[in-house]
Each structure stands twice: as C-alpha cells, then as structure tokens.
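In: predicted coordinates and the sequence they were generated for:
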Amino acid sequence: MSGLPEPTGEVMELQMGPSHPAAHGTIKFNLTLDGETIMACDTEVGYLHRGFEKMCEQGTWAQCIPYCDRLNYASPLINDFIFAEAVERMLGIEVPERCSYIRVLLSEVSRVTDHLTCLGMAATELGAVTVGFYLNEARELLYNLVNQVTGARVTVSYGRIGGLAADLPEGFAGTVAGVLAKVRSLVGNSERLLERNRIFLDRMAGIGIISAADAVSYGLTGPLLRATGIKRDLRKDEPYMGYDRFDFKVPVGTKGDNYDRFAVRVEEIGESLGLIEQAAAGMPPGPVSIADPKVTLPDKAEVHGSIEGLMSHFKLVIEGTRVPAGEIYFAGEAANGELGFYLVSDGSGRPYRVHVRPPCFYGMAALEEMVKGHMVSDLVAVFGMVNMIGGECDR
Amino acid sequence: MALNEDVGRAVQGARPTLANSFGTPVLTVEAASVAAVLGFLRDDPGQAYDMLVDITAVDRLATEGGIDVVYNICSLTSGRRLTVKTRLTGQDPALPTITGLWKAAGWAEREVYDMFGVRFDGHPDLRRILMYEGFEGSPLLKSYPVDKRQPLVAERDPIADPWPSKDGL
C-alpha cells in the first residue's frame, strides 16, 4: 500500500452491508479504517448467487434465455442477444438482416437504460436527487418502448436462437422518435445540473483513480477501461450483430477517475441514441427469424395444422436445438463491458456447460485498488461508478 | 509459425496442441506448465496477450476422467483471442496460481476454487467467493445434485409445517 499515510490513530474495522442504504445492491464491504480513511477493503460478493450456470445445464439451449435476462437486469436484452449470437456461431447460422437491425436497436436502448440506472443511482447517492428523478423518468420512457416490443419491462425473454420472439409493433419508428427527443432533453438537463456543480465535482474528480496498466491487469472492460484512455469497444474491435454498418464514436477518458467514468457514460448515451436513430431509419423489411425447423419454432398455424409443424415443435421443446459438439468463447460489448459466454456442447440439445464472464465482477475485484486511501463516503461514489449489478456479478 | 511450436520451444514439457473450435484457437497444455505458458504468451512480444479475460473450468470427470481448467486471454494490441486449456486428473486437483501475472486472476481463481474445488497453489487469499464459508461441496461439479440442500439450511416438511408456521414464527 504505497502512498498511504501512516495510521494516525486507532485502526477500526467496519462492516458495511450486506444491506446498506447507500449501496444499491446486496454487497458487503469489510473495511479497515484509520479515522475515515480506508486502509483496506475486502469486498464480499455472492449474496445474489442463484446458480445461473448450474441451472442452464439442466434445460435446453433455448431455456437459458430467460435466465440470461436475469443477469444484468438493467439491460436484459443485451444478454439475450449475446447469448443467442454465441449459440448461432456454434450452429453456423446467420440471422436475417432485419433481426440484426432490431437487435442493435434494442441493445442500444438497453445500453441507455443501463447507463441511466447507473448515473441516476450514483447521482442520488451523492445527494442530487433531482437528477435521479430526471434520469429515472428517461429510463421509464425507454422501458415503455421495450414493453411495447417484448411485453415486459425487465424480464423480456425476447431473444431467440436464430432470431427474435416477435417483430416490432406497428408504427414503432414514430414512437421511438418521440421518446428519443424526451430522453435527450432529460439527459441534457441532468448534465447541466451536474457538470459545473461544485459538490458533484468534488465527489467525482480525482476520486477512485486507476491507471491504464492496472485496469488491463484487473481485466476491466467497458466504461471503466475506456475512462483510463484505452479505446476498446467490442462493437468496433470485434464487430458482431452488424455493428460495423453503423456510425458511432467510442468516447474515452484521460485520468481513469470517477468523473471520467461518469463522462464516458454520458457521452455513450448520446452515441447510443444516435445508433437507435440509424437502426430505426435503416430498418430493412423481411422476416425476423430464420426458417429452420431444427432451430426455430414453426408458426402456430403450422403446429396446429400440419404434422411436420407439430413434430418440429415437439422435438424443439422436448429435446431442444442440437448444437454441434465443441466449445466457444464469444463476447459482446454489454453496457458494463465485455460480457462473454463460454459454452460447451456435447452435441445434444442441452448445454454441457454455460459459463458467463460478467464485466462488473472484475470491476468489483478492482474496487479495493480504487478506494484505498480515500474516505468512507468516497466508497459510495466509486461503487456507484463501478455499477455492480448483483444479478450479473453473482450469477 | 504455428503457435503450438512457439510455445513448445519456449516452455519445456508443455506439450502444446492447437485446435480450432468454431473460429476460436484452443491451445491445450500440460497442467504443470500452464503458468509458464501463460507467462510466455503475455510477455513474448510476438504474442502480447496482455489481458486475462476469464478463468473457468469444465467437469469431464465422468466422461474423460478430469477437470478442464480454461483460461481465456486476449491481446488489446493485436485484437487476437486465445483459449488455453489444461486437464487436471487425480483426487486433489491443483494448479499453480497466476496472480503474479494478472491481478484479475485473484478473483477468477477464487471462483474456480469455489465452484469446482480446484486449488491454486500460491494464491494469496484462496477463499470461497460466491458461496459462503461453511458451504459443503463444489456446486458446479456434475456430481453435485442440483436440488441438494446444505446442512446450514434447516429441513422443513412444508405439509406438516407450512410457512409461516402456525405459531406465527
């Protein structure tokens, strides 16, 4: 622990959590304090462990999708689509163009809801409750969009291996345009309330610094890595889902402190709103799922009207899609960073192993590095910017 | 030049084999040499895999008699990805730690230890991470029943003793 002052008084141990009003999420920090200065922070995660990986091994590949919703529940659609894409790569299939466009559009809606959750919560915890309400309102508008498409705000179960559960509703592009204007205005107002706010800046600038080298060593990705100045975004670096068709920038920070993490997320909201507009404007016509009876469920009319349809439905539901034996690591850029799936198939309709690489797990591992030498109250701000989502971190 | 030849020349006894699974290169090495192989892949300028993305394991005890420990690494400079695998056989599966190479290994190895019971020798703080102290068994092994109850959770017959129980507890 270089750079820390010698302990001046009595060293105190403080257990913060697992249910603390300033920590949005169930997490426990075992702090070693000298006065109010953090000397060491042992972070205990796992309170929200539901056995995601074990449960995925029990059913068919398609039955993993609802579990994926419940990883990062601030942006469930991104998890669905990345999982579906990973399985599609094993199957060697390509989804229709319209499906890719819808996946990009809804992924970006989810990225914005995730960033709004992170920024709104963090601002509220620092006392900027107005900003919290503004950003929650914007998030609610976007959740309504998601609701119109999927029928649910959070537990969407909308991604499918080989396509999507349903097409967009009638007149969706018009609804999107109206919502985006409101979201822009709310985010703009929030930004103006914070960007020159003395209290906010004091709590954010220069707090929780991590160097670029340490960030790489800790496996940080997403906004946490980009805040240190490293321009890495899997949407650009390893394009998937047709992201290379779209025009967007990757904002980076310089110092790797809390303020840069905040600013990177605010900039990304702007870029994502642009992507939503591009996807809505360029939306091609056509089917949203491939028509392969070994992968996607047939139309209900066919299930009830033909023996082939009924057989195919039965086989898919009972036995599942047969995925060729082998293993794959596929990652995409989720709102928090690199969300990866390591999948192993034994050639049957059920996954042999599903492992998820959650981005915020590694952010939480680096938390001690970020808060050492700062005050207890800074832990709240740093934790807010790491944006731990219990469902994803603890699985 | 093939990656497995480079690794074989750099690390004695690694016996590397290179395969390709759905577009991802998979390098399989001997368990004893895995830390040296990963160190070479990180430090050799021709490889430069500077980020440890993830460590996990696959239980193949029933079918192939071992646990595969899987390291996913990537290079931020060249954009390449690589999966490094090794197989652990025997009663007490253990590997040398790579916390000296990447700080990310600290929590990642704890998770593999927690879920599969694989020990990482030399790890500075090898404790359970997602499960609690006192949890019995390794939940992601195939031999661990999905509906197993842990002794810390008291057994209750829901018919005889519906919750909340009659005396209001």
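Out: Happy to help now that I have it.
In: of all residues in the stretch 201-350 of chain A, which one is closest to chain B?
Out: Of all residues in the stretch 201-350 of chain A, residue A:219 sits closest to chain B, at 3.3 Å by C-beta to the nearest C-beta. Where you see a C-beta, it was placed from the backbone N, CA and C, and this is true even at glycine.
In: what about that residue, how many residues close to it?
Out: Residues near residue A:219, counting by other C-beta atoms under 10 Å in any protein chain shown, number 30.
In: same check, this time on residue A:290
Out: When neighbours are counted by other C-beta under 10 Å, residue A:290 comes out with 18.
In: so which residue is dead centre in chain B?
Out: Nearest to the mean C-alpha position of chain B, counting by C-alpha atoms, centre = their mean, stands residue B:56 at 3.3 Å.
In: pull the number of nearby residues for residue B:31.
Out: 18.
In: can you tell me the closest non-neighbouring residue to the residue of the stretch 201-350 of chain A closest to chain B?
Out: Take residue A:219 and drop its neighbours on the chain: the residue closest to it by C-beta to C-beta, 6 or more residues apart in numbering or on different chains is residue B:104, 3.3 Å away.
In: list the contacts of that neighbour.
Out: A:217, A:218, A:219, A:362, A:365, B:51, B:52 (C-beta atoms under 8 Å, 6 or more residues apart in numbering or on different chains).
In: give me phi/psi at it?
Out: With angles defined as degrees, to the nearest 10, residue B:104 sits at phi -60, psi -20.
In: can you give me the pLDDT of it?
Out: With respect to pLDDT, residue B:104 scores 91.
In: list the contacts of stretch A:16-26.
Out: A:27-31, A:44, A:47-48, A:121, A:125, A:376, A:379-380, A:383-384, A:388-390.
In: which element, helix or strand, includes residue A:139?
Out: Per DSSP states H and E: residue A:139 is located in helix A:129-150.
In: same question but for residue B:107, I mixed them up
Out: helix B:105-116.
In: what residues does that helix touch?
Out: By C-beta under 8 Å, 6+ apart, helix B:105-116 touches A:53, A:219, A:361-362, A:364-365, B:52, B:54-57, B:59, B:67, B:69, B:93, B:97-99, B:118-120, B:123-131, B:138-141.
In: please pull out the lowest mean pLDDT helix or strand from chain B.
Out: Counting by mean pLDDT, DSSP states H and E, chain B has its least confident helix or strand at helix B:3-10, which shows a mean of 76.
In: show me what counts as buried in that one.
Out: If you call a residue buried by 16 or more other C-beta atoms under 10 Å in any protein chain shown, then helix B:3-10 has these buried ones: B:3, B:4, B:6, B:7, B:8, B:10.
In: for residue 23, the count of nearby residues, please.
Out: Reading this off chain A. Neighbour number of residue A:23 under other C-beta under 10 Å is 20.
In: if you could check chain B rather than the one you did, that'd help
Out: 12.
In: got phi/psi on it?
Out: Torsion angles, degrees, to the nearest 10, at residue B:23: phi 90, psi -10.
In: surely residue A:74 meets residue A:117?
Out: Yes. Counting by C-beta atoms under 8 Å, residue A:74 does reach residue A:117; the two are 4.3 Å apart.
In: need the residues of chain B near chain A, please.
Out: Contact residues, chain B versus chain A (C-beta under 8 Å from any C-beta of the partner chain): B:21-24, B:26, B:50-54, B:56, B:58-59, B:70, B:72, B:76, B:79, B:81, B:83, B:102-104, B:106-108, B:115, B:128-132, B:139-140, B:144, B:146.
In: mark which of these are buried, thanks.
Out: Judged by 16+ other C-beta under 10 Å, buried ones among the residues of chain B next to chain A: B:21-22, B:24, B:26, B:50-54, B:56, B:58-59, B:70, B:72, B:76, B:81, B:83, B:102-104, B:106-108, B:115, B:129-131, B:139-140, B:144.
In: now, which of those residues lie within helices?
Out: Mapping those onto helices (DSSP state H) picks out B:106, B:107, B:108, B:115.
In: ranges for the helices of the stretch 201-350 of chain A?
Out: A:212-217, A:222-226, A:234-237, A:258-281, A:300-305, A:307-318 (DSSP state H, counting those that start in this stretch).
In: and among these, the most buried is which?
Out: For the helices of the stretch 201-350 of chain A, the largest average neighbour count (mean count of other C-beta atoms under 10 Å in any protein chain shown) is found in helix A:222-226, namely a mean of 28.
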